[in-house]
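Asker: output the structure for:
(one chain, ligands or ions: 2)
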Amino acid sequence: MNRDDAVALDRTDPLAPLRDLFDLPEGTIYLDGNSLGALPRTTAGRVAEVVTQEWGQGLIGSWNTASWISLPQRVGDKVARIVGAGQGEVVIADSTSLNVYKVLASALSMAAADSPDRTVVVSERSNFPTDLYIASSLCRERGYELVLVDSPDEIEGLLDRTAVLMLTEVNYRTGYLHSMASVTAAAHEHGALVVWDLCHSAGAVPVDLGGADADFAIGCGYKFLNGGPGSPAFLWVNPRHVARFEQPLSGWMGHAAPFEMSPGYRPAEGVSRYLSGTPAVIGISALECGVDTVLAAEAYGGLPALREKSLALTRLFADLVAARLPGFTIESPLDDAQRGSQLSLSVGDGAYAIVQALIERGVVGDFRAGPKNSTQPDILRFGVTPLYTRYVDIWDAVDHLVAVMDNEEWRAERFATRGAVT
Ligand SMILES: Cc1ncc(COP(=O)(O)O)c(C=O)c1O
Ligand SMILES: Nc1c(O)cccc1C(=O)C[C@H](N)C(=O)O
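Answerer: Numbers count the residues shown, from 1 in each chain. Ligands and ions are numbered 1, 2, ... in the order given. Model (predicted):
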């Protein structure tokens, strides 16, 4: 494929109009929507309206008149359409890290009641660190052993003694995509509950929580849902469990009648029980604009169409790397069925500096260090967001990478020092 072929693919891409929903900086090829999604055109105006009108003029009355109080459920219903959940099954609250704590605690309480002999929580060593840190502290608190596997093939053999299997559907480093349906079915067959982290899946790959009959799920608002930095996260619980699940941060917003102001906690019906404190009104309002960009794709074939384009983009990326960058190894699965919406590369030396040199050229990907004392390499990570990534962006990104390597640009002194956030 040459550059003209890539331009031609964009010209006939049925999803191309969706790019106009975003305010993207001129001259930037943005391949980091798996860390922070781009800015939707509606967000600034909507946030200004919430601040100046709803807050400025409506003041406290806006809890009722602007329906602030039901934002977690209203925007949760929109996210539900993206993750294969039913209406009333998702709420927006807190950060992903806090929500990992809440759902894992719920699952552990259910497992303790149903199968007290099970003492193990299973996850992957390559899972995003916050999930492992939270799981580790909860396991300590509750007397469970956290077992981390190095390969998905090791999971099945542990399931007979597993209370809860906690996985991230799409791995943040490699983009490896689990089969949610078959992993969940295997866990249930062996009597284990499953918690899914959908941070790198929601808005990026079709997710079918209901179809998979998963138990609990959480995910970020600021990646493929384009909710903005620090956007609140979401939680889902299978309707099979809503009558009995407990959550450990039982705040007043998760009470059945918060304004009853009663000293005793009476949990709200359903997933609203996962609310703890006051909803982040400005953040959830911005998130709604981001979620609407994903829902706008429904007019163009929805998530299956986004998925098809995402796979075509990462496949093109992989083919160009294989053809033009022999020093690089593709760390993402080449099998479409196992690849999320990113392509990860490794190279012998200089991954961080190469990413910086690309950023200086206007190609924004990111660097993820190989964990200390592991054999996992440093990674150059490129997320594709089919709502706004074009085929020509992939072609140009690879062309820039070739130039960075051929000119040895990455060896410049200014790329040697790492920033606080990589
Ligand atoms: C899989 C996964 N879980 C959790 C998080 C982080 O959650 P939080 O939004 O709480 O920082 C991230 C990214 O930051 C992630 O990639
Ligand atoms: N949440 C982030 C942040 O506050 C600063 C920088 C990056 C992030 C990220 O989201 C990292 C991301 N979860 C990852 O997959 O690497």
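Asker: buried residues in stretch 219-230?
Answerer: Gly219, Cys220, Gly221, Tyr222, Lys223, Phe224, Leu225, Asn226, Gly227, Gly228 (16 or more other C-beta atoms under 10 Å). Yep, even glycine has a C-beta here, placed from its N, CA and C like the rest.
Asker: now do the same end-to-end measure for that stretch.
Answerer: Start-to-end span of stretch 219-230 (C-alpha to C-alpha, to the nearest Å) is 13 Å.
Asker: do it and ligand 2 meet at all?
Answerer: No: Stretch 219-230 does not reach ligand 2 (C-beta under 6 Å from any ligand atom); its nearest approach is 6.5 Å.
Asker: of the buried residues of stretch 219-230, list those near ligand 1.
Answerer: The overlap between the buried residues of stretch 219-230 and the neighbours of ligand 1 (C-beta under 6 Å from any ligand atom) comes to Cys220.
Asker: and the buried residues of stretch 219-230 as JSON lines, adding secondary structure and pLDDT?
Answerer: Below are the buried residues of stretch 219-230 laid out as JSON lines (DSSP: H, G, I helix; E, B strand; the rest coil; pLDDT from 0 to 100):
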{"residue": "Gly219", "secondary structure": "strand", "pLDDT": "98"}
{"residue": "Cys220", "secondary structure": "coil", "pLDDT": "98"}
{"residue": "Gly221", "secondary structure": "coil", "pLDDT": "98"}
{"residue": "Tyr222", "secondary structure": "coil", "pLDDT": "98"}
{"residue": "Lys223", "secondary structure": "coil", "pLDDT": "98"}
{"residue": "Phe224", "secondary structure": "coil", "pLDDT": "98"}
{"residue": "Leu225", "secondary structure": "coil", "pLDDT": "98"}
{"residue": "Asn226", "secondary structure": "coil", "pLDDT": "98"}
{"residue": "Gly227", "secondary structure": "coil", "pLDDT": "98"}
{"residue": "Gly228", "secondary structure": "coil", "pLDDT": "98"}
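Asker: tell me the mean pLDDT over stretch 33-46?
Answerer: Computed over stretch 33-46, the mean pLDDT rounds to 98.
Asker: any chance of CSV for the buried residues of stretch 219-230, columns distance to Leu313?
Answerer: Converted to CSV, those look like this (distance: C-beta to C-beta, whole Å):
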residue, distance to Leu313
Gly219, 22
Cys220, 21
Gly221, 23
Tyr222, 21
Lys223, 16
Phe224, 13
Leu225, 19
Asn226, 17
Gly227, 22
Gly228, 23
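Asker: pLDDT score for Ser374?
Answerer: So Ser374 comes in at 84 (pLDDT).
Asker: okay, now it: neighbour count?
Answerer: 11 (other C-beta atoms under 10 Å).
Asker: distance-wise, check it relative to ligand 2.
Answerer: From Ser374 over to ligand 2 the distance is 16 Å, taken as C-beta to the nearest ligand atom, to the nearest Å.
Asker: apart from its chain neighbours, what residue comes closest to that residue?
Answerer: In space, and not counting its chain neighbours, Ser374 is closest to Arg125: 7.7 Å by C-beta to C-beta, 6 or more residues apart in numbering.
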